[in-house]
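>>> Using only what follows, build the 3D model:
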Amino acid sequence: LKKYEQVPDVVQAVRELAPVTNMRVTASREFIAEATFEPVDRIDPVTDNVLGTTVHGTSHLVGTMRARPAASSDEVLLQAHLQGDADTEGRGYNGPVRADVVGQATVDATGEITFGPEGFRVGSTTAHVSATGRPVCMWSTCKSRIANGLVTCVARRRAQKTQDLGDCIASRHAEQRLEQQLDEELRQRVGQLQDSYLSEFRNPLLRHDAFPRVFSADSHTDHARVVMLVANATQTGAVAPAPESGIEAALHAQIHETAFNNMAATMLAGQSISEVELQGFVAQAFGQEAQQAQVSKRDMLEIVFSETRPLSFLFDDSVITVKIRGDRFVRSRTRYPAMNMIVRYQIEQSGASVTAHRIGEPEVVPKDFEVTGRRRLSAREIGARRLIVAMLQRELAESYELGNIALPDQFRGELTVTELIANDGWLDIGAEPTQ
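Next up, the predicted model:
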């Protein structure tokens, strides 16, 4: 109606009634900590100057780093927390005096990372270091034996008197170095995340005018949450907010069918896809590996999606219904007429295992059945229907057991879907870290 400038009052009324968000993703504090956990075991060169003594050596840090959510009302705020113990060793130089020194330090550093519609960015970093050190061997380079002994004796007494002050100065210097190192490391890692977010999500959607119309993010000490209205200016969202869910999972997603339908309408309208690509897409959606093609390339069908509602989903009564509207089908340069395909999968759960079983055989009917109702098929339509049904039977398995979901490279581990509910237009998904 908007496209053809019809009944603007109705268009406005629909927009006012149904701009309800259609996607919500919540990650628990425990999940974020587990996904970002990383053991730290590294050796870094150290150069410092404490009370006139220049020290060259190394620091061996052993600890852990993980992120946790913090309170923020307008973006996701994560605090990357580095904790550990460091052993240092080196040699100090102060005039003619030389000293081999060892030390220990307790390290506690935090860097802020935020996430919102524009992506990821790094905030401030702070560090607290409590360091102690002592000389294990001290000597001088004086050639005279008397001078050597005298200088060494004075140096030892001075070191004992300034021990506490020296430790305090060394701790502050170590904090400055650690803050800089953590800032550089976070910027490198978050930069990789930002590149992936822009290239794989934000920029492609912006090019297709499909970036979520509403994108809000917030976090608390026990979770982080992103809420979206996946719709462009002419599309609507859910007709009612997401229902209260009994799912308590490390990662919880509630996605309305309009989110899928809107995205498909924007990205797939008029596009073509081979049957192998279709099989790979469906397998990936269920967390499965794509299978090897069962027919030769010349016998494969190519689907050209309809310009309107090319792919639509319906979630109700634990059934996922997928409708594919094809404007035409091509095999070996032979074109077949427009057909609609309908496939239904029943969701079944047994313990922590979730399986989708196909209900009956795929339905394939001419496109105009939606308008004219039932009629006798032409010989050409019967031939097309036979080919399409055979393709769907080949490429869509009778059942899928939901597999593990790999996290992006910057995160640790995999996810296992433990709960899946399809009802009243909503897909309710609960996932836990794979054991």
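>>> residue ranges for the helices of the stretch 1-150 of the chain, please.
8-17, 29-36, 145-161 (DSSP state H, counting those that start in this stretch).
>>> Check these for me and report the most buried one.
The highest mean neighbour count among those, using mean count of other CB atoms under 10 Å, belongs to helix 29-36: a mean of 18. From N, CA and C alone the C-beta is placed, and that goes for glycine too.
>>> just how off-centre is it within its chain?
Distance, stretch centre to chain centre, for helix 29-36: 12 Å (CA atoms, centre = their mean, to the nearest Å).
>>> Just the C-alphas of that helix, formatted as PDB.
Provided in PDB are the C-alpha atoms of helix 29-36 (Å, rounded to 0.1, in the frame of the first residue of the first chain):
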ATOM      1  CA  ARG A  29      26.800 -13.100  33.100                       C
ATOM      2  CA  GLU A  30      28.100 -16.700  33.300                       C
ATOM      3  CA  PHE A  31      27.800 -17.200  29.600                       C
ATOM      4  CA  ILE A  32      29.700 -14.000  28.800                       C
ATOM      5  CA  ALA A  33      32.500 -14.900  31.300                       C
ATOM      6  CA  GLU A  34      32.800 -18.400  29.800                       C
ATOM      7  CA  ALA A  35      32.800 -17.300  26.200                       C
ATOM      8  CA  THR A  36      35.500 -14.600  26.800                       C
END
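>>> average pLDDT for it?
Helix 29-36 shows a mean pLDDT of 93 in the predicted model.
>>> Now do that helix: which elements does it pack against?
Where contact means 3 or more CB pairs under 8 Å, 6 or more residues apart in numbering; DSSP states H and E, helix 29-36 is packed against strand 53-70, strand 76-94, strand 426-433.
>>> can you list those in JSON lines and add mean pLDDT and distance to residue 356?
Below are the helices and strands packed on helix 29-36 laid out as JSON lines (pLDDT from 0 to 100; distance: least, CB to CB, whole Å):
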{"stretch": "strand 53-70", "mean pLDDT": "94", "distance to residue 356": "32"}
{"stretch": "strand 76-94", "mean pLDDT": "94", "distance to residue 356": "31"}
{"stretch": "strand 426-433", "mean pLDDT": "92", "distance to residue 356": "12"}
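>>> Same list, the ones you listed, but as CSV with mean neighbour count and distance to residue 304 please.
Shown next, in CSV, are the helices and strands packed on helix 29-36 (neighbours: other CB atoms under 10 Å; distance: least, CB to CB, whole Å):
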stretch, mean neighbour count, distance to residue 304
strand 53-70, 18, 45
strand 76-94, 19, 40
strand 426-433, 21, 27
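>>> After the lowest-mean-pLDDT helix or strand in the chain, which helix or strand is next?
Lowest mean confidence among the helices and strands of the chain (mean pLDDT, DSSP states H and E): helix 369-372, at a mean of 55. Remark: after helix 369-372, the chain's next helix or strand is helix 379-395, criterion DSSP states H and E.
>>> Check which residues of that following helix are buried.
381, 384-385, 387-389, 391-392, 394-395 (16 or more other CB atoms under 10 Å).
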